[in-house]
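**Q** this is a predicted model, with the sequence first.
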Amino acid sequence: DQQVKQNSPSLSVQEGRISILNCDYTNSMFDYFLWYKKYPAEGPTFLISISSIKDKNEDGRFTVFLNKSAKHLSLHIVPSQPGDSAVYFCAASGAGGSARQLTFGSGTQLTVLP
Amino acid sequence: GAGVSQSPSNKVTEKGKDVELRCDPISGHTALYWYRQSLGQGLEFLIYFQGNSAPDKSGLPSDRFSAERTGGSVSTLTIQRTQQEDSAVYLCASSLLGEADTQYFGPGTRLTVL
């Protein structure tokens, strides 16, 4: 049972345009959401996060939106650059208990075309 | 060092052998996590250490897997009697205790079981 889903395995976008990566979750206990970027042969790199008390967080070209009622979050990258080409993972963690492990989606391969 | 380091970067072993994977977390980070990523899959949580508390082992796939963390710093993940399905990239992450779950990942160890 996948609690965090990224339904698009890949996305291609022209340089300069907006990239929108989507993520859905099923566990209403999740209260913190993160996006990671991963290049081949490297570990995931933290990109941006959002707490469940917010609906938007912005950092430069990256904005994460959270819709709690729909259990949906998205990452917007604008303008997209060729260096943004990577696999993007959505992750979530939940309140309660001692464990704060992240539950990851399966990732979306973003390709930004020059 | 500035980031999480892992060794070895690559490990090839024969089925049935034991392997040890090492993780050095970011200095001062009291929480440490192990994940693995099998081919074509998302990241799967394995085990979590937080300070002096008992580790959360709920993600370990079998009793062939174990991990320890000595002195609250370095961690070793041990896989006994390796099987071909253990082939994956094993990733370690660390975070500050109390900081809302921004985990920083190492580059991973690629394990191949022949």
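**A** Structure's in. What do you need?
**Q** which parts of chain A are strands?
**A** Counting by DSSP state E, one finds strands in chain A at the ranges A:4-5, A:10-14, A:19-25, A:30-38, A:45-51, A:56-59, A:62-67, A:72-77, A:86-94, A:103-104, A:108-113.
**Q** for those, give me a markdown table that also has mean neighbour count and mean pLDDT.
**A** C-beta here means a position set from N, CA and C on the backbone, and glycine is covered the same way. Formatted as a markdown table, the entries for the strands of chain A read as follows, by neighbours: other CB atoms under 10 Å in any protein chain shown; pLDDT from 0 to 100:
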| stretch | mean neighbour count | mean pLDDT |
| --- | --- | --- |
| strand A:4-5 | 20 | 92 |
| strand A:10-14 | 14 | 97 |
| strand A:19-25 | 21 | 97 |
| strand A:30-38 | 22 | 92 |
| strand A:45-51 | 17 | 92 |
| strand A:56-59 | 12 | 96 |
| strand A:62-67 | 18 | 98 |
| strand A:72-77 | 20 | 98 |
| strand A:86-94 | 23 | 92 |
| strand A:103-104 | 22 | 89 |
| strand A:108-113 | 17 | 97 |
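**Q** need those in CSV (columns: distance to residue B:111).
**A** Conversion of the strands of chain A to CSV gives the following (distance: least, CB to CB, whole Å):
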stretch, distance to residue B:111
strand A:4-5, 24
strand A:10-14, 26
strand A:19-25, 28
strand A:30-38, 18
strand A:45-51, 21
strand A:56-59, 34
strand A:62-67, 32
strand A:72-77, 30
strand A:86-94, 20
strand A:103-104, 19
strand A:108-113, 23
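**Q** okay, those strands in a markdown table with distance to chain B next?
**A** Output for these, formatted as a markdown table (distance: least, CB to the nearest CB, whole Å):
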| stretch | distance to chain B |
| --- | --- |
| strand A:4-5 | 8 |
| strand A:10-14 | 13 |
| strand A:19-25 | 11 |
| strand A:30-38 | 5 |
| strand A:45-51 | 6 |
| strand A:56-59 | 12 |
| strand A:62-67 | 13 |
| strand A:72-77 | 15 |
| strand A:86-94 | 5 |
| strand A:103-104 | 4 |
| strand A:108-113 | 11 |
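**Q** which ones are touching the spatially closest residue to residue A:106 that is not a sequence neighbour?
**A** The shortest distance from residue A:106 to any non-neighbouring residue, by CB to CB, 6 or more residues apart in numbering or on different chains, is to residue B:42 (4.1 Å). By CB atoms under 8 Å, 6 or more residues apart in numbering or on different chains, the contact list for residue B:42 reads A:4, A:89, A:104-107.
**Q** roughly how far does residue B:42 sit from residue B:6?
**A** Computed with CB to CB, to the nearest Å, the distance linking residue B:42 and residue B:6 is 19 Å.
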